[in-house]
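S.K.: no sequence on this one, just coordinates:
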């Protein structure tokens, strides 16, 4: 039987702009990604082992394996993206350490923190559903911004997420309405615990 991924628990305080009800419902969606990731892995094991003596292992379920294999990336990335996102909201907001390594890397890539922040906020308001991500590329030792469609389309291979901002409508519409997307982004940064991003960056640069 495939190993099970476990749902993480997050200690999220009262947030500016983002209601406790939205956080509660959002965490339920995250739990669903964890559950579905485990279900898919179990089904892949089941279909791969289940075969008649006349058919190779998994061949009689080739179509089903193909379909759930494609679905796996959506569910797994949905699980992992949300783990980054909710970790950013734990423990209360903090500022980015002015002379820390992440700040220096941002300034080295974009010149100033404000220039990066403006670009990232513009990226976050991209039309459609998905994620705005700040990545670290260990090969080039650079930070990169990227937009992810849905949960999984556009992830940059081999890069470590440093900051993940959920821009699916379920993350903000109940509190902000569709027209309030920009204010949601502003409030996210007001609520952001930069320490979580600094820890992600430290982990990525140690590898």
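M.R.: Thanks, I have it. Note that the structure is a prediction, hence the values are computed from the model and not measured. Numbers count the residues shown, from 1 in each chain.

S.K.: What residues of the longest helix along the chain count as buried?
M.R.: Assignment by DSSP state H gives helix 20-49 as the longest helix of the chain. Within helix 20-49, the residues that count as buried by 16 or more other Cβ atoms under 10 Å are 22-23, 26-27, 30, 33-34, 36-38, 40-41, 43-44, 47. Heads up, the C-betas are built off the backbone N, CA and C, glycines and all.

S.K.: Could you point out the helix or strand that follows that helix?
M.R.: Going down the chain from helix 20-49, the next helix or strand is helix 62-88, by DSSP states H and E.

S.K.: on that earlier part again, give me the helices and strands touching the longest helix of the chain, please.
M.R.: In this structure, helix 20-49 makes packing contacts with helix 62-88, helix 173-176, judged by 3 or more Cβ pairs under 8 Å, 6 or more residues apart in numbering; DSSP states H and E.

S.K.: same thing but at 7 Å, please
M.R.: Counting by 3 or more Cβ pairs under 7 Å, 6 or more residues apart in numbering; DSSP states H and E, the packing neighbours recorded for helix 20-49 are helix 62-88.

S.K.: So what's the model's average confidence on the helix it packs on?
M.R.: Averaged across helix 62-88, pLDDT comes to 89.

S.K.: buried set for that helix?
M.R.: The neighbour-count check on helix 62-88 (16+ other Cβ under 10 Å) flags 65, 68, 71-72, 74-88 as buried.

S.K.: Which SSE is immediately downstream of that helix?
M.R.: Once helix 62-88 ends, the next helix or strand along the chain (criterion: DSSP H and E) is helix 101-110.

S.K.: any idea how far the following helix or strand past that next one is from the chain center?
M.R.: As assigned by DSSP H and E, the chain's next helix or strand after helix 101-110 is helix 113-124. Relative to the chain's own centre, helix 113-124 is displaced by 18 Å; criterion: Cα atoms, centre = their mean, to the nearest Å.

S.K.: what about the residue nearest to residue 69 when sequence neighbours are not counted, distance to residue 38?
M.R.: Distance criterion Cβ to Cβ, 6 or more residues apart in numbering; nearest residue to residue 69, sequence neighbours excluded, is residue 44 at 6.9 Å. From residue 44 across to residue 38, the span is 11 Å (Cβ to Cβ, to the nearest Å).
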